[in-house]
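In: Output the structure for:
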Amino acid sequence: MSTQLSLTDKLSITVVLVGIFCISLVYYISESYKQFTYHYHVASIQQLASLEIQDILDELQANSLDLALAISKEQRFQRDFREKNRTALRQELDEQFNQYFVTAGVLKLLKLYVLDTRFTLISASGEGIDTGGNSELICPQLSQLAMQRKGPEMLQTLSQRCLYKTRPVFAVIVPFGGLRPRGYIQVITDLSYSLKNLEQSLGMPVQIRLLDGQISYQSDNWALAQDANHLNIELAINDRNKRPVMTLLLQSDMTAFNEEVRQHRNRVMIIAIIAIVLMVLIVIVLLQRSAITPLARIHEVLDRLDSDLFDEETHKRLLFEELLEQILLLTRGRRRFAVLLLDLKHFRSINEKYGKTTGDRLLHEAGQRLTRILRDTDFIAWVGTDSSGQKLLPADTQTRYRASLARLGGDEFGLLLPSAQTEEQAVAVARRIVACFHESFDIDGHSLNIECRIGISLYPLHGDDEKTLMRNADKAMQLARARGEDIAVYEPVLKPPQ
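Out: Predicted structure coming up:
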């Protein structure tokens, strides 16, 4: 069994669906805004981290330069270098692992090399990374790059990020001996150790991963569990040839930002929900005042008309006037309609002669004939009898009216045409009604003939209240009787000028 939704239900559901759509849109916009902010936050952190990394590497190069110059200025080193005393040079290089730069944690020294002007290895430190023999250079490509320099470029310090096996290192070549370099000292430091200082400079947890996935360094407050409040920002550290040597991850705490977005979104959603509830209430109140109550009253009047007896003529007229009053509430100031009073000749005598049942069947047959006049959308309700209203079949006509027909007592009926906008439209319907009654009715083997006269009044031309419209329609019907015509439209009586 299907459930028919009321107009209020339909409008309320529409408002709620629109509200749900708006709330979903608010959620989508807030999420899009958050992702948009995340994107630019990641880009800004990456840019800031790149600047901080460059500062760290510049400082690391400066410290490596200071270390190399401090070594080259020692008289023992200069003497042993001239004599190519590899053992003594190695001892002096090993001593640097106990100097301030290393013990104070300024840098993490991995290896020291002494090279001649042809970048041939003279000596290497025994401390630091075990290279499996002094003949193996860490970052040999840096020496090859230095060999290609000429002129004043040979006096410049050269540095590079590179890999030793899977370990990222920072190599610096420093010339010594004045304007005519007599050799070079190559300083190899741990790149991961220096970059962990980003934790202090950026104020966020840092994780350093090697190319094989091993974690070289991780801050103590690094959040291992992935959640929506911690954003991991990845930054690749490359060498001079744009080849990756390590991966740097920064973890930004987005808890405060997410909470602010969530609170703002919730406030907007609450406002939207309140607005939806208010809109539904306003729709219900407006419909209750403008349509629902009058329509309900109309249905109540129709039900009462349908249930009353034939002989309650005065009561029928009052109820019909009440129905008119309710329609006026719906149409006042916005549209026109017509009121038709039908006087059916001979119907009372037929009803008395052949009985009430025959009279009801006659009304039923009259309704069937009206199907040739009124369209499928029209509804003829014969009220005041035991026959309920009936849906009429389609008829080939260009007029479109919704009609309600009520018996007011005796031979008199009232007909409402709420869609009749002009006198011509109302008269056209009246003529068709008169024509359909001119033909005899075959009821229970009896050939019955009835005729009708119709008086017409138009709202608001002939009255703006139910009593005036009914009175003027009745005057029009009396005018038709006096003229011997079937149809008459109310004619206002002009007052003579004073």
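
In: which residues of the stretch 101-250 of the chain fall in strands?
Out: Using DSSP state E, counting those that start in this stretch, the strands of the stretch 101-250 of the chain run over residues 109-115, 121-124, 158-164, 167-176, 183-190, 206-209, 215-218, 230-238, 244-253.

In: Of these, give the one that comes closest to residue 415.
Out: Nearest to residue 415, of all the strands of the stretch 101-250 of the chain, is strand 230-238, at 75.7 Å by C-beta to C-beta. To be clear about C-beta, it is placed using only N, CA and C from the backbone, and glycine gets the same treatment.

In: What's the separation between residue 273 and residue 19?
Out: To residue 19, residue 273 is 7 Å away according to C-beta to C-beta, to the nearest Å.

In: Comparing those two, which shows the higher neighbour count?
Out: Applying other C-beta atoms under 10 Å to residue 273 and residue 19 shows that residue 19 carries more neighbours, namely 17 against 14.

In: host element of the spatially closest residue to the more buried one that is not a sequence neighbour?
Out: Of all residues not flanking residue 19 in the chain, residue 276 sits nearest, at 3.5 Å (C-beta to C-beta, 6 or more residues apart in numbering). Residue 276 is part of helix 255-287, with elements assigned from DSSP states H and E.

In: Now do that helix: which elements does it pack against?
Out: helix 7-72 (3 or more C-beta pairs under 8 Å, 6 or more residues apart in numbering; DSSP states H and E).

In: Would you pull up how far the helix it packs on lies from the middle of the chain?
Out: Centroid displacement of helix 7-72 relative to its chain, using C-alpha atoms, centre = their mean, to the nearest Å, is 22 Å.

In: What average pLDDT does it get?
Out: For helix 7-72, mean pLDDT is 86.

In: Please work out how many residues are found near the residue nearest to residue 19.
Out: Using other C-beta under 10 Å, residue 276 is surrounded by 19 other residues.

In: and if you look at the one 5 residues further on?
Out: Counted with other C-beta under 10 Å, the burial measure for residue 281 works out to 12 neighbours.

In: What separation do you get for it and residue 448?
Out: From residue 281 across to residue 448, the span is 56 Å (C-beta to C-beta).

In: for stretch 124-132, which positions count as buried?
Out: Of all the residues in stretch 124-132, those buried under the rule 16 or more other C-beta atoms under 10 Å are 124-125, 127-129, 131.

In: Kindly state the domain boundaries assigned to this protein.
Out: Listed by automatic domain parsing, the domain ranges of the chain are 1-128+138-295, 308-489.

In: from these, which stretch is densest packed?
Out: Highest mean neighbour count among the domains of the chain (mean count of other C-beta atoms under 10 Å): domain 308-489, with a mean of 18.

In: Was I right to think residue 341 contacts residue 413?
Out: Yes: Residue 341 lies in contact with residue 413 (C-beta atoms under 8 Å); the separation is 7.4 Å.

In: Assumed residue 457 was part of a strand.
Out: Yes: the assignment for residue 457 by DSSP: H, G, I helix; E, B strand; the rest coil puts it in a strand.

In: mind putting the strands of the stretch 101-250 of the chain in a markdown table, mean pLDDT and distance to residue 267 included?
Out: Formatted as a markdown table, the strands of the stretch 101-250 of the chain follow (pLDDT from 0 to 100; distance: least, C-beta to C-beta, whole Å):
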| stretch | mean pLDDT | distance to residue 267 |
| --- | --- | --- |
| strand 109-115 | 93 | 56 |
| strand 121-124 | 91 | 67 |
| strand 158-164 | 92 | 49 |
| strand 167-176 | 94 | 48 |
| strand 183-190 | 94 | 50 |
| strand 206-209 | 92 | 36 |
| strand 215-218 | 90 | 38 |
| strand 230-238 | 90 | 24 |
| strand 244-253 | 91 | 23 |
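
In: which one of those lies closest to residue 361?
Out: Closest among the strands of the stretch 101-250 of the chain, using C-beta to C-beta: strand 230-238, at 84.3 Å.

In: one step back: weakest of the domains of the chain in terms of mean pLDDT?
Out: domain 308-489 (a mean of 71).

In: hang on, the earlier thing: of all the strands of the stretch 101-250 of the chain, which one is nearest residue 355?
Out: Going by C-beta to C-beta, the one of the strands of the stretch 101-250 of the chain nearest residue 355 is strand 230-238, 91.2 Å.

In: Nearest residue to residue 438 in space, please, no chain neighbours.
Out: residue 451 (6.8 Å).

In: Kindly report the same for residue 477.
Out: Among residues not flanking residue 477 along the chain, residue 455 sits closest, at 2.9 Å (C-beta to C-beta, 6+ apart).

In: Would you confirm that that neighbour contacts residue 475?
Out: Yes: using C-beta under 8 Å, residue 455 makes contact with residue 475 at a distance of 6.9 Å.

In: got any residues that touch both of the two?
Out: Jointly contacting residue 455 and residue 475 under the rule C-beta atoms under 8 Å, 6 or more residues apart in numbering are residue 490.

In: distance of residue 271 from residue 22?
Out: Distance of residue 271 to residue 22, given as C-beta to C-beta: 10 Å.

In: and what of residue 34?
Out: 19 Å.

In: could you list every residue that touches the spatially closest residue to residue 441 that is not a sequence neighbour?
Out: Distances taken as C-beta to C-beta, 6+ apart place residue 448 nearest to residue 441, at 4.5 Å, with adjacent residues excluded. Residue 448 sits next to 346, 350, 354, 358, 362, 440-442 when contact means C-beta under 8 Å, 6+ apart.

In: Which members of those residues are positioned in helices?
Out: Within the contacts of residue 448, residues falling in helices by DSSP state H are 350, 354, 358, 362.

In: now, which of those residues sits nearest residue 51?
Out: Distance to residue 51 across the ones in helices among the contacts of residue 448 (C-beta to C-beta) is lowest for residue 362, with 100.7 Å.

In: surely the closest one meets residue 350?
Out: Yes: assessed by C-beta under 8 Å, residue 362 is found in contact with residue 350 at 6.5 Å.

In: Mutual contacts of these two, please.
Out: Counting by C-beta under 8 Å, 6+ apart, the contacts common to residue 362 and residue 350 are 448, 450.

In: and for stretch 110-119, what are the contacting residues?
Out: The contact list for stretch 110-119, computed with C-beta under 8 Å, 6+ apart, reads 71, 81, 89, 93, 96, 121-125, 128-129, 131, 137-138, 143-144, 146-147, 164, 169, 173, 181-190.

In: Now with 7 Å, please.
Out: By C-beta atoms under 7 Å, 6 or more residues apart in numbering, the residues outside stretch 110-119 that reach it are 81, 89, 93, 96, 121-125, 128-129, 137-138, 143, 146-147, 169, 181-190.

In: now stretch 238-254
Out: 41, 45, 49, 160-163, 168, 191-192, 195, 202, 204-211, 222-223, 229-237.

In: okay, how far is it across that stretch, tip to tip?
Out: Chord length of stretch 238-254, first to last residue, is 28 Å (C-alpha to C-alpha, to the nearest Å).

In: can you list the ones in helices among the contacts of residue 448 in TSV and add distance to residue 244?
Out: Converted to TSV, those look like this (distance: C-beta to C-beta, whole Å):
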residue	distance to residue 244
350	106
354	107
358	104
362	100
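
In: Hmm, residue 175 and residue 155 touching each other?
Out: Yes: Residue 155 is within contact range of residue 175, at 5.8 Å (criterion: C-beta atoms under 7 Å).

In: what touches both of the two?
Out: Taking C-beta under 7 Å, 6+ apart as the contact definition, residue 155 and residue 175 share the neighbouring residues residue 181.
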